[in-house]
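Peer 1: Give me coordinates for this.
(4 chains)
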2 protein chains.
Amino acid sequence: MSGRTYPQLSLDLQLCFPLYAATRAVTKRYATLLKDTGLTYPQYLVMLVLWESEEPLSVTSLGQRLRLDSGTLTPLLKRLEAAGLVRRDRDPGDERRVLVSLTEDGRNLEEQVASVPQELGASMGITRDEALALRDQLTELVDHLDTAESS
Amino acid sequence: MSGRTYPQLSLDLQLCFPLYAATRAVTKRYATLLKDTGLTYPQYLVMLVLWESEEPLSVTSLGQRLRLDSGTLTPLLKRLEAAGLVRRDRDPGDERRVLVSLTEDGRNLEEQVASVPQELGASMGITRDEALALRDQLTELVDHLDTAESS
DNA sequence: CACAACTATATTGCGCACAACTTAATAGCG
DNA sequence: CGCTATTAAGTTGTGCGCAATATAGTTGTG
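Peer 2: Numbering: from 1, shown residues only, chains lettered A, B, ... in the order given. Now for the predicted structure:
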């Protein structure tokens, strides 16, 4: 401890580990809050995007919004389809594309999760302002990491 | 958009998504930086804990430090063992426990990753002070979520 | 029109995470 | 001592994430 050769490698001094741990803790809390709906946290995020959209969305546009690729989304969307929450139809105008749309059950689910963000906020023990500031910092961090990807 | 029934469900208003996205972006960046070592990011975290420790560590104590359970750690440690970086030996004093210790190669790897934290910091585009403040906020968040787990 | 380049999605393979369960060893108690 | 409770690690099954690749459809060019 005292005589470390590389103090910068200390777990407690780095940002990466709290970030990693916080994400897993939040995901776990979501699992509890979403249990009744049968949704996982990534599935919930996909539903958020679909609820936001007026139109059916292609797999690619869902992926751009959530920063996920087809390798993740295709099986996830098949599970949502099996659960009866979404439909997946080839775009007649471009048969390469698959349009994801909400079913009646999928639309109705929104009401059931309306209280989830507030409950999660309460579990985090931070004020709304702190949460928004943190959100902005993390968004900036993601943008920087995206552009720095070249090296 | 304008007439949303549940505005609190908007992806952009919530903290959870930037947190999730930031962790994945950081993990991706680590994958690049760690490529030469053959380590994944979780494996790197395990190595950080082992480099910090003077003594061999049990699977449980590694898990407490990293908030991971045996279901995650056992196969990960087997892969580190297969890579020749750690040894796994039953504790002679308590045959239930498995003690994880560094091999010579495992110890030598530390030097090779000494520059990784700094390189990652550069990619994140934030100052050291900002990183430390963010770290503290996220650590608090994890603590709150831990205690709020009862509900 | 033929054909090469490109795009969208799907598939494969690997490595986490984690809940639930199993197995083996130890501790504690009557 | 014998038996139950507890603890430590491993196993199983599910669902991500993502790199690499495959497949099918579309676009652009001569």
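
Peer 1: Write out the residues of chain A neighbouring DNA strand C.
Peer 2: A:20, A:24, A:27-28, A:31, A:58-60, A:63, A:69-71, A:73-75, A:77, A:88, A:91, A:94, A:96-99 (Cβ under 7 Å from any atom of the strand). Just so you know, the C-beta spots here come from the backbone N, C-alpha and C atoms, and that holds for glycine as well.

Peer 1: Could you list the contact residues of chain A toward DNA strand D?
Peer 2: So chain A meets DNA strand D at A:27, A:40-43, A:67-72, A:75-76, A:79, A:93-96 (Cβ under 7 Å from any atom of the strand).

Peer 1: What is the burial count for A:Met124?
Peer 2: 22 (other Cβ atoms under 10 Å in any protein chain shown).

Peer 1: Then A:Thr23?
Peer 2: Around A:Thr23 there are 22 residues (other Cβ under 10 Å).

Peer 1: So in chain A, which strand runs the longest?
Peer 2: Across chain A, the longest stretch assigned as strand under DSSP state E is strand A:94-102.

Peer 1: next SSE after it?
Peer 2: Later in the chain than strand A:94-102, the nearest helix or strand by DSSP states H and E is helix A:104-112.

Peer 1: re earlier: filter the residues of chain A next to DNA strand C to the buried ones?
Peer 2: Neighbour counting with 16 or more other Cβ atoms under 10 Å in any protein chain shown marks A:20, A:24, A:27, A:58-59, A:63, A:73, A:77, A:97-99 as buried within the residues of chain A next to DNA strand C.

Peer 1: out of the residues you listed, who's nearest DNA strand D?
Peer 2: Distance to DNA strand D across those (Cβ to the nearest atom of the strand) is lowest for A:Thr27, with 6.9 Å.

Peer 1: thinking again about what came up before, do the longest strand of chain A and chain B meet?
Peer 2: No - Strand A:94-102 stays clear of chain B (Cβ under 8 Å from any Cβ of the partner chain), getting no nearer than 13.3 Å.

Peer 1: and that strand, C-alpha only, in PDB?
Peer 2: Presented in PDB, the C-alpha positions along strand A:94-102 are these (Å, rounded to 0.1, in the frame of the first residue of the first chain):
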ATOM      1  CA  ASP A  94     -36.700  -1.300 -48.600                       C
ATOM      2  CA  GLU A  95     -36.600  -5.000 -47.800                       C
ATOM      3  CA  ARG A  96     -33.300  -4.800 -46.000                       C
ATOM      4  CA  ARG A  97     -34.800  -2.800 -43.200                       C
ATOM      5  CA  VAL A  98     -36.900  -4.200 -40.300                       C
ATOM      6  CA  LEU A  99     -39.400  -1.800 -38.800                       C
ATOM      7  CA  VAL A 100     -40.100  -2.200 -35.100                       C
ATOM      8  CA  SER A 101     -43.500  -1.000 -33.900                       C
ATOM      9  CA  LEU A 102     -45.400  -1.200 -30.600                       C
END
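
Peer 1: Please name the strands paired to it in the sheet, noting orientation.
Peer 2: When pairing is defined by DSSP bridges, strand A:94-102 lines up against strand A:57-58 (antiparallel), strand A:86-91 (antiparallel).

Peer 1: Ok, which of the ones you listed comes nearest B:Thr139?
Peer 2: Closest approach to B:Thr139 among the strands paired with strand A:94-102 is made by strand A:57-58 (36.2 Å; Cβ to Cβ).

Peer 1: Thank you kindly, that will do.
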